[in-house]
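[1] could you work out the structure for the sequence below:
(2 chains)
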Protein chains: 2
Amino acid sequence: MADKIFRVNMTDLTTSVEEVPADWAGHGGRGLTSTIVAAEVPPTCHPLGPNNKLVFAPGLLSGTAAANSGRLSCGAKSPLTGTIKEANAGGTSAQLLAKAGCKALIIEGQPKDDNWYSLHITPGNITLNKEEEVVGKGNFDVVETLTERLGKPMGIITIGPAGEMKMAAANVSVKDPDGKIRSCGRGGLGAVMGSKRVKFISVDSMDGKVEIADPDKFREANKTFAKALVDHPVSQALGTYGTNVLVNIINESGGLPTRNFSSGQFEGHEEISGETMHDLIKERGGRVKHNCHKGCVIQCSQVFNDAKKKYKTSGFEYESIWALGADCAVDNLDHIAEADHLLDDIGIDSIETAVAIGVAMEAGVLEFGDGEGLVRILREEVAKGTPLGRIIGAGAATVGRAYGVTRVPVVKNQAIPAYDPRAIKGIGITYATSTQGADHTMGYTIATNVLGVGGSVDPLSKEGQVELSRNLQIATAAIDSTGMCLFIAFAALDDTTCLPALIDLINARFGISLTGDDVVSLGKYILKTEHDFNTAAGFTKEDDRLPEFFSLEPVAPHNVVWDFEGEEIDTFWDF
Amino acid sequence: MADKIFRVNMTDLTTSVEEVPADWAGHGGRGLTSTIVAAEVPPTCHPLGPNNKLVFAPGLLSGTAAANSGRLSCGAKSPLTGTIKEANAGGTSAQLLAKAGCKALIIEGQPKDDNWYSLHITPGNITLNKEEEVVGKGNFDVVETLTERLGKPMGIITIGPAGEMKMAAANVSVKDPDGKIRSCGRGGLGAVMGSKRVKFISVDSMDGKVEIADPDKFREANKTFAKALVDHPVSQALGTYGTNVLVNIINESGGLPTRNFSSGQFEGHEEISGETMHDLIKERGGRVKHNCHKGCVIQCSQVFNDAKKKYKTSGFEYESIWALGADCAVDNLDHIAEADHLLDDIGIDSIETAVAIGVAMEAGVLEFGDGEGLVRILREEVAKGTPLGRIIGAGAATVGRAYGVTRVPVVKNQAIPAYDPRAIKGIGITYATSTQGADHTMGYTIATNVLGVGGSVDPLSKEGQVELSRNLQIATAAIDSTGMCLFIAFAALDDTTCLPALIDLINARFGISLTGDDVVSLGKYILKTEHDFNTAAGFTKEDDRLPEFFSLEPVAPHNVVWDFEGEEIDTFWDF
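    Next up is the predicted model:
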């Protein structure tokens, strides 16, 4: 199936399948969504208005047998940050879209009426239908209802109640191989989908296949690539404890944001750690290893059962556990798991929402440590769109604004993730300079600042942090274009066979001859394209700053502040 | 009494009275607050954090017998807009501060504890006290309680519950000659005062007097000046119908924003017009004419009684009546008066709050036209700081964000006032380019676009609007430095004796010899100082734009859109 651009105009309710413009042919994933958004979306448009566009793109290697290549990129102008945005997730849809010959799906315009719609994609074709049955339903119900209606397993991309309510923290949710939920979580792209009145997209590849230009070379490269992934010690730790292996590590480093970023260590860290979780999973008959998409060889996901040994949640991530846990001072893993399940069902970003609740706790809306209260707020307020639910669903910055709080951990209005930038300074550079607001996945300096991957850079010193973040952000932008999970980066940084094998995979897929330099150029092109969009939208270097409180309040246990000058941060863009 | 700078440091709870720096000596009112904020406040600081400063300054002529010179300027970095901000109000405090020799009062820092404080100013002295009794009380109760406690009439500057809760739309409220409330309304300066934990400031001038360098010249100039004011037809209309004379005029022009800016005419305009209000006031034994400060010769204020002939509100302004009325489709003047009274008591901006409710109505929070519901929301939600009250109290942009609304009439996060910029294009240039977010008082082009004052510029054409707005913004900045009410501008634009008399007043007061050119230079200096602050805070020309919906949605009855290009708007700054 030759790749095409699938386009839906929600204003006049038409669809089309178009040839791929020459400029877009070499792109996939984030590189493609950002290229399309930059080309077609006016930077100053309202993110929830008719001029924004929601773009989906599988990665360059999605749909092939390449290990870990099943990430789906979703892009638009973000209603949370106002910047360009790409968020990616596992699940089954990236591979199915690629197999259906969909290089990118562009949803534009906005219906004039109040109807809801769904899209159905098959090879070379896209149809638009009115939808009523699953409107208003939570994500698990949507997937279950549609699986029954469609009669066979298909890809499903959907929004939950948060997206329907156009909450700025709403996810685009993607069905995973078990019928559970993976999330394009950051930046509120679910609200953009809601503003287009598209409740879900179903994908049937009808046994379509992605063509490989050089199958032998591909097979060989994949073997080398997968081995590099499997052999890396971080991959192995991820397979055993999940990403939540980080709770104890980051707590030890003094960079585990606690009680709305007022401390760098959480006294309850043992109760919520990866090790505790691992033991609980075994005790309750869950699954320690689990993959979010077919072909993953790291398997950092898991299935977490409740005390009655009944399924509670999967993909129980460090970020969610930290945010619902340490940041809200909740040390009960069952409350956190219940909250995680609700967040998946509502379809709302766990980082943004939990950090927002942390700010609300600081404002006195509920007590720090009140796990039951937190679950209640998600179930009774956020899911139902009450005024309090709306405040929290609009993200941490809005909570800060509504309650007049000054300790609001956001950059470009997006909540700061699970690493305190005062104690781990490299990640602070990533938060500040990222084209998409505070986001650890944009340039994960924790690898080198804390985990000793790709060398070592002292987390407490300013030395070398800008360069570290820059190199990682460039590499990440390129990786995000391949459909690869970001966790291939650990092997890529340490194992000299990994990156060449990845490049070989791309070359074998398309019959081309990219070099390592081309990959770096691709990463730079993506960052600059995104940065240019933001500049045209009105962002300046003053937006590349951390909130003032990081400079004013020393954080325990190291009692350090954020001490980068603006001019130092701005050297990030010297490339 | 020689002028001094009064300074309070709320971090270490100290006060000082300082000599006036040479650079500040020629400034008063807005010119002085903006000069001080630009000099002492880091542009990127959090507006509610310890690095922001709240500055009060009487005008250059405040405290003298000059007609209409009793406006008090209040400045800071705004928590609503993030820009530099000045808001001014009548009341008794400007004159009393000037008589007490207070050229400016600067409140800086932030207490480390949760106590509330009050300040007391006497000639050459300022004291700081803990306060408990009036904390949590509404403005009317505060004024009544303090008048009793202090034992004689004094100036009182206070915040209501909105300021205590640090709502981004909170006013700084000023006692007027009748013990009622005048508001430094725009930009949330009350939240800054709340963040400093200062509940109120009392001012006792102890019969102090402002020295006049040339009393004879001053007296003569004042006679000419006052006559020019009294003789102008707009002054006379204002004295008869109040500012609310504008409802019918602006409705007729097609620029009366209705139902959250979805139309330019309101079918209920007669019910809420100045003419109807005038008749009701007479019928119910209120007062048609009334002044907000001693020495006002225009008297645009009024006392509005309820149906039982009991006092309900005073200073019942066009902006409030439009916002609570046409913008929310409420055509019952008694509901509007009740809401106006509550807004004064809560201490929150009528424009911001009512426009926020209009956006909430669009989101379905309550029905357009539901005046009782509107009053209930103010009394039960905003006053009490419930989650819905917090959303509305944070302003129209936050309501839009919380509910995913795209028709959100704000510039730099501040609600657009009572003139639709599509139908009256000059005011759109003022909204876009103002250094302080959307604000009609920054450059009131309505005078020339609609009222035929200072010439005539077709409101529906783009021709001449940038120049008109520029000239008015420069003049306004200068007028805002004198302590004069902005309504002197009508006479100043049409009567050739008015402006020279005003300059003579200043010269006679200080024994100097300013010229008309000096006044223009002062206005330009103020605008550029403010603009530079905003630029350093991260604002760009992309912030000098109206919301996208004005370009996308034609407004009835003229069915016109906002059609200025960015480049055209940016020529505003060519001076």
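
[2] any idea what A:Phe200 is bridged to?
    Beta bridges link A:Phe200 to A:Ser118, A:Thr158, judged by DSSP bridges.

[3] look up how far chain B lies from it.
    In this view, A:Phe200 and chain B are 19 Å apart by C-beta to the nearest C-beta, to the nearest Å. Where you see a C-beta, it was placed from the backbone N, CA and C, and this is true even at glycine.

[4] contacts only, for that residue.
    Taking C-beta atoms under 8 Å, 6 or more residues apart in numbering or on different chains as the criterion, A:Phe200 is in contact with A:Ser118, A:Leu119, A:Glu131, A:Val134, A:Val142, A:Leu146, A:Ile156, A:Ile157, A:Thr158, A:Ile159.

[5] out of these, which end up buried?
    Buried members of those, counted by 16 or more other C-beta atoms under 10 Å in any protein chain shown: A:Ser118, A:Leu119, A:Glu131, A:Val134, A:Val142, A:Leu146, A:Ile156, A:Ile157, A:Thr158, A:Ile159.

[6] could you report the pLDDT at the second one?
    With respect to pLDDT, A:Leu119 scores 98.

[7] ok, it touching A:Asn9?
    No. With contact defined as C-beta atoms under 8 Å, A:Leu119 and A:Asn9 do not form a contacting pair (11.8 Å).

[8] re the thing from before, could you export the buried ones among the contacts of A:Phe200 as TSV, including distance to A:Glu252?
    Shown next, in TSV, are these (distance: C-beta to C-beta, whole Å):
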residue	distance to A:Glu252
A:Ser118	47
A:Leu119	47
A:Glu131	49
A:Val134	45
A:Val142	40
A:Leu146	44
A:Ile156	40
A:Ile157	38
A:Thr158	39
A:Ile159	38
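
[9] any residues in contact with both of A:Leu119 and A:Asn9?
    Shared contacts of A:Leu119 and A:Asn9, defined by C-beta under 8 Å, 6+ apart, comprise A:Thr15.

[10] picking that back up, which one of the buried ones among the contacts of A:Phe200 is nearest A:Gly268?
    Using C-beta to C-beta, A:Ile159 is the member of these that sits closest to A:Gly268, with 33.3 Å.

[11] still on that earlier bit, and which of the buried ones among the contacts of A:Phe200 is nearest chain B?
    Relative to chain B, the closest of the buried ones among the contacts of A:Phe200 is A:Ile159; by C-beta to the nearest C-beta it sits at 12.2 Å.

[12] for that closest one, which non-adjacent residue is spatially closest?
    Distance criterion C-beta to C-beta, 6 or more residues apart in numbering or on different chains; nearest residue to A:Ile159, sequence neighbours excluded, is A:Gly190 at 4.5 Å.

[13] can you name the next helix or strand after the lowest-mean-pLDDT helix or strand in chain A?
    Within chain A, judged by mean pLDDT, DSSP states H and E, the helix or strand with the poorest mean is strand A:287-290; its value is a mean of 90. Per DSSP states H and E, the first helix or strand lying C-terminal to strand A:287-290 is strand A:301-305.

[14] quick one: contacts of that next one?
    Counting by C-beta under 8 Å, 6+ apart, A:242, A:277, A:280-281, A:284-292, A:311-316, A:337 sit against strand A:301-305.

[15] and those residues near chain B, which?
    For chain B, no contacts are drawn from the contacts of strand A:301-305 by C-beta under 8 Å from any C-beta of the partner chain.

[16] starting at the chain centroid, how far to the least confident helix or strand of chain A?
    Chain-centre distance of strand A:287-290: 21 Å, with C-alpha atoms, centre = their mean, to the nearest Å.

[17] what's the answer for stretch A:353-370, then?
    With C-alpha atoms, centre = their mean, you get 23 Å for stretch A:353-370.

[18] which residues are in contact with A:His440?
    A:Glu319, A:Pro417, A:Ala418, A:Tyr419, A:Ile427, A:Thr430, A:Tyr431, A:Ile446.

[19] in helices, which of these fall?
    Counting by DSSP state H, these place A:Glu319, A:Ile427, A:Thr430, A:Tyr431, A:Ile446 in helices.

[20] hang on, the first one packs against A:Pro417?
    Okay, so that is A:Glu319. Yes. Between A:Glu319 and A:Pro417 there is a contact under C-beta under 8 Å: 5.7 Å.

[21] which residues are in contact with both of these two?
    The contact sets of A:Glu319 and A:Pro417 overlap at A:Ile351, A:His440 (C-beta under 8 Å, 6+ apart).

[22] looking at the two, which is more packed in?
    A:Pro417 (25 against 21; other C-beta atoms under 10 Å in any protein chain shown).

[23] so that one is in contact with A:Met442, correct?
    No. Contact status for A:Pro417 versus A:Met442: not in contact, 10.1 Å apart, counting by C-beta under 8 Å.

[24] where do the strands of the stretch 151-300 of chain A begin and end?
    All strands of the stretch 151-300 of chain A, identified by DSSP state E, counting those that start in this stretch, fall at A:155-158, A:172-175, A:181-184, A:198-203, A:287-290.

[25] in the stretch 51-200 of chain A, what residue comes closest to chain B?
    Closest point on the stretch 51-200 of chain A to chain B, by C-beta to the nearest C-beta, is A:Lys166, at 2.6 Å.

[26] show me what contacts that residue?
    A:Leu48, A:Pro79, A:Ala191, A:Gly194, A:Ser195, B:Tyr403, B:Gly404.

[27] okay, and which of the residues you listed map to helices?
    The members of the contacts of A:Lys166 that map onto helices under DSSP H are A:Ala191, A:Gly194, A:Ser195, B:Tyr403.

[28] got JSON lines for the contacts of A:His440, with pLDDT and distance to chain B too?
    Formatted as JSON lines, the contacts of A:His440 follow (pLDDT from 0 to 100; distance: C-beta to the nearest C-beta, whole Å):
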{"residue": "A:Glu319", "pLDDT": "97", "distance to chain B": "23"}
{"residue": "A:Pro417", "pLDDT": "98", "distance to chain B": "21"}
{"residue": "A:Ala418", "pLDDT": "98", "distance to chain B": "23"}
{"residue": "A:Tyr419", "pLDDT": "98", "distance to chain B": "22"}
{"residue": "A:Ile427", "pLDDT": "98", "distance to chain B": "21"}
{"residue": "A:Thr430", "pLDDT": "98", "distance to chain B": "19"}
{"residue": "A:Tyr431", "pLDDT": "98", "distance to chain B": "16"}
{"residue": "A:Ile446", "pLDDT": "97", "distance to chain B": "27"}
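
[29] closest one of those residues to B:Asp504?
    Among these, and counting by C-beta to C-beta, the member closest to B:Asp504 is A:Tyr431, at 57.3 Å.
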